[in-house]
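1. test case, fold it:
(one chain, ligands or ions: 1)
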Amino acid sequence: MNTEINIDGMIGPTHHFGGLGVGNLASLASQNSQSNPRAAALEGIAKMELVAGLGVGQYYLPPPARPNWLWLESLGFGGDRRDALRRCWDEAPSVLSAAYSSAFMWTANAATVSPSSDTLDRLVHLLPANLCCNLHRAQEAIERRDQLRAMFRHVSNVRVHDPLPSVFSLRDEGAANHMRLCGSDKNNAIHVFVYGPAETNRTRFTPRQSEFAARRAASCLRLDTTKCVFVQQSERAIDAGVFHNDVIATSHQNWLLYHEFAFEKGEQAVEAIRKTFLETTGEPIEEVRVLDSQLPLAEAVRTYLFNSQLLAVERNQMELLCPVQCMESPAVSALVPEWISNPRNPIQRARYLPLDQSMRNGGGPACLRLRVMLNAEELGMLDGRYCATDERTQRLRKIVMTSYPESLTVDDLQRLEFADHATHISKTIAALSQ
Ligand code: SUG
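-> Numbers count the residues shown, from 1 in each chain. Model (predicted):
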């Protein structure tokens, strides 16, 4: 039987607001404001503890070292490090910001995953995302591949692939644009891949996932394509700041929650999902369609309701971890209690999490985790060193409290003392899993 684990990305000491996220309105609005890496990391740790406390397997990946010196060198900022930081700041401040990026914290973009129950070769496949649509995120692809390989090294039937080639036509942002839905037999599943329009000039912002990448991903993941559905994200949604599908739709088990403007040719797209699900599982899908009159697109993007983290406590019993911004919205406050009181709806309870620092960069609860389904044997082989046990989260919290800065602006990034301090912290955290 499959069990879901959640892998969060530990938020790094260089978390800041660079305004770098393509089509991400929160990131653009926060650009150059003061961040609080300590508060950001504590919010992330508290979420991991909450999820672990609910009995869901919680793992984490340490923050890769920043600034990324090799990457800076590859862009012409080599030589004496103090001088390189200063030159980069003067010549290309957004490159300096990217070299310090903590965007690896959003592990929903780390990879796309297919469990062994669903694959043609009965192996678990993880395809790290190339993230090549964003300068600051493309550097994560190889770091993630290596981290995931280390984490799964003892699980004999896991394949961690190389990311798709880093070219624009194959731009891939991982699980944030993928939904797995399963029937009452959890091993009977379909996979929905969501991509942006092919003509990149049709939308206000560049669509971050290509159809070509979605189809190649399904192939790398060794999925039966008769059980895959490929749907286009709506142009209207991208224009409203929906830069990933998980900002406007989500799913868990047999339950699909989506905004009426999530998909281009919305009814046709959902009909394709319904049909494939019925053919695969013999059961109808349970769906909740949120109308724009109930929650306008802009409010959906502001509150990140669809980016709430869905957790199965038991089958047909789910908890929704929403960002606190949802609690403050009259539109969302009308929807969630209605779901909870409806006996057909599996959501039993909603909790509201303060994730202000992540939200100000466009990352809600679901962005901060990668879901991986493993069977009991695979789970048994998983390396415990990445498990967010109480003891480990306490140690992480201590490191954060004693060494993470409480305030950071892009100006601070040019100081070599800060660069060295941040590198040292990442090494200390990585050592906890060695
Ligand atoms: O890729 N923000 C991230 C947010 C990712 C959210 N993930 C999901 N929806 N799954 C992004 O846009 C902002 C970084 C900055 O501006 O400094 C950023 O990268």
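2. output the below-cut-off pLDDT ranges for the stretch 201-350 of the chain.
-> For the stretch 201-350 of the chain, the stretches with pLDDT under 70 are 315-316.
3. residues contacting the closest residue to the ligand within it?
-> Residue of the stretch 201-350 of the chain nearest the ligand, by Cβ to the nearest ligand atom: residue 244 (3.8 Å). Just so you know, the C-beta spots here come from the backbone N, C-alpha and C atoms, and that holds for glycine as well. Contacts for residue 244 (Cβ atoms under 8 Å, 6 or more residues apart in numbering) come out as 108, 109, 173, 176, 177, 208, 209, 367.
4. same thing but at 7 Å, please
-> For residue 244, the contacting residues are 173, 176, 177, 208, by Cβ atoms under 7 Å, 6 or more residues apart in numbering.
5. so the second one, which of the three states?
-> Remark: residue 176 carries the secondary structure label helix [criterion: DSSP: H, G, I helix; E, B strand; the rest coil].
6. that one contacts residue 108, correct?
-> Yes - using Cβ atoms under 7 Å, residue 176 is in contact with residue 108, at 4.4 Å.
7. what residues are shared contacts of the two?
-> Jointly contacting residue 176 and residue 108 under the rule Cβ under 7 Å, 6+ apart are 246, 367.
8. compare these two (neighbour count), which wins?
-> Higher neighbour count among residue 176 and residue 108: residue 108, with 29 against 25, using other Cβ atoms under 10 Å.
9. read off the pLDDT value for the more buried one.
-> According to the prediction, residue 108 has pLDDT 98.
10. now for it: which residues touch it?
-> Residue 108 is in contact with 174, 175, 176, 246, 366, 367, 369, 370, counting by Cβ under 7 Å, 6+ apart.
11. doesn't residue 250 make contact with the fifth one?
-> So the one you mean is residue 366. Yes - here residue 366 reaches residue 250: they are 6.5 Å apart, a contact under Cβ under 7 Å.
12. mind checking which of these two has more residues around it?
-> Counted by other Cβ under 10 Å, residue 366 and residue 250 do not tie: residue 366 has more neighbours, with 26 against 21.
13. give the contact list for the more buried one.
-> The neighbourhood of residue 366, defined by Cβ under 7 Å, 6+ apart, consists of 108, 246, 250, 307, 308, 309.
14. could you redo these as CSV and give each row secondary structure?
-> What follows is the contacts of residue 366, written out as CSV (three-state DSSP):
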residue, secondary structure
108, helix
246, helix
250, strand
307, helix
308, coil
309, strand
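15. so which of those residues comes closest to residue 62?
-> Using Cβ to Cβ, residue 108 comes nearest to residue 62 of the contacts of residue 366, at 17.5 Å.
16. can you give me the distance of that closest one to residue 6?
-> 10 Å (Cβ to Cβ, to the nearest Å).
17. okay, and the common contacts of the two?
-> Counting by Cβ under 7 Å, 6+ apart, the shared contacts of residue 108 and residue 6 are residue 369.
18. which of the contacts of residue 366 come close to the ligand?
-> Near the ligand, taking Cβ under 6 Å from any ligand atom as the test, the members of the contacts of residue 366 found are 108, 246.
19. contact residues of the stretch 101-250 of the chain facing the ligand?
-> So the stretch 101-250 of the chain meets the ligand at 103, 106, 108, 109, 134, 137, 176, 243, 244, 246, 247 (Cβ under 6 Å from any ligand atom).
20. please name the nearest non-neighbouring residue to the second one.
-> Okay, so that is residue 106. Excluding the flanking residues, the one nearest residue 106 by Cβ to Cβ, 6 or more residues apart in numbering is residue 367, at 4.3 Å.
21. quick one: pLDDT of the one you found?
-> Model confidence at residue 367, given as pLDDT, is 98.
22. give me the neighbour count for it.
-> Residue 367, neighbours per other Cβ under 10 Å, totals 27.
23. which of the contacts of residue 366 sit farthest apart?
-> Farthest pair in these (Cβ to Cβ) is 108 and 308. Separation: 12.5 Å.
24. re earlier: reformat the contacts of residue 366 as CSV; add distance to residue 374.
-> Shown next, in CSV, are the contacts of residue 366 (distance: Cβ to Cβ, whole Å):
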residue, distance to residue 374
108, 18
246, 21
250, 21
307, 24
308, 23
309, 18
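25. check contacts around whichever residue of the chain sits closest to the ligand.
-> Using Cβ to the nearest ligand atom, the closest approach of the chain to the ligand is made by residue 21 at 2.6 Å. Residue 21 is in contact with 27, 134, 243, 361, 362, counting by Cβ under 7 Å, 6+ apart.
26. which one of those has the most neighbours?
-> Most neighbours among the contacts of residue 21, by other Cβ under 10 Å: residue 243, with 30 neighbours.
27. ok but that residue is inside a helix, no?
-> No - applying three-state DSSP, one finds residue 243 to be coil, outside a helix.
28. need the contact list for it.
-> So residue 243 contacts 21, 22, 23, 24, 205, 208 (Cβ under 7 Å, 6+ apart).
29. the nearest residue to it once chain neighbours are set aside: which element?
-> In space, and not counting its chain neighbours, residue 243 is closest to residue 23: 4.0 Å by Cβ to Cβ, 6+ apart. For residue 23, there is no enclosing helix or strand under DSSP states H and E.
30. surely residue 23 touches residue 239?
-> No - because the distance of 8.7 Å does not satisfy Cβ under 7 Å, residue 23 is recorded as not touching residue 239.
31. which of the two has more residues huddled nearby?
-> Taking other Cβ under 10 Å, residue 23 and residue 239 do not tie; residue 23 has more neighbours (24 against 14).
32. mind listing what that one touches?
-> Neighbouring residues of residue 23 by Cβ under 7 Å, 6+ apart: 205, 206, 208, 238, 241, 243.
33. redo those as CSV? Include distance to residue 406.
-> Listed next are these as CSV, based on distance: Cβ to Cβ, whole Å:
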residue, distance to residue 406
205, 32
206, 34
208, 32
238, 35
241, 29
243, 29
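34. so which of the residues you listed is the closest to residue 130?
-> residue 208 (11.0 Å).
35. contacts only, for the closest one.
-> 22, 23, 133, 171, 173, 196, 243, 244.
36. tell me the SS of it?
-> The local conformation at residue 208, judged by three-state DSSP, is coil.
37. how about it: what's its closest non-neighbour residue?
-> Distances taken as Cβ to Cβ, 6+ apart place residue 133 nearest to residue 208, at 4.4 Å, with adjacent residues excluded.
38. ditto for residue 155
-> The shortest distance from residue 155 to any non-neighbouring residue, by Cβ to Cβ, 6+ apart, is to residue 381 (4.4 Å).
39. one more: residue 360?
-> The shortest distance from residue 360 to any non-neighbouring residue, by Cβ to Cβ, 6+ apart, is to residue 30 (4.5 Å).
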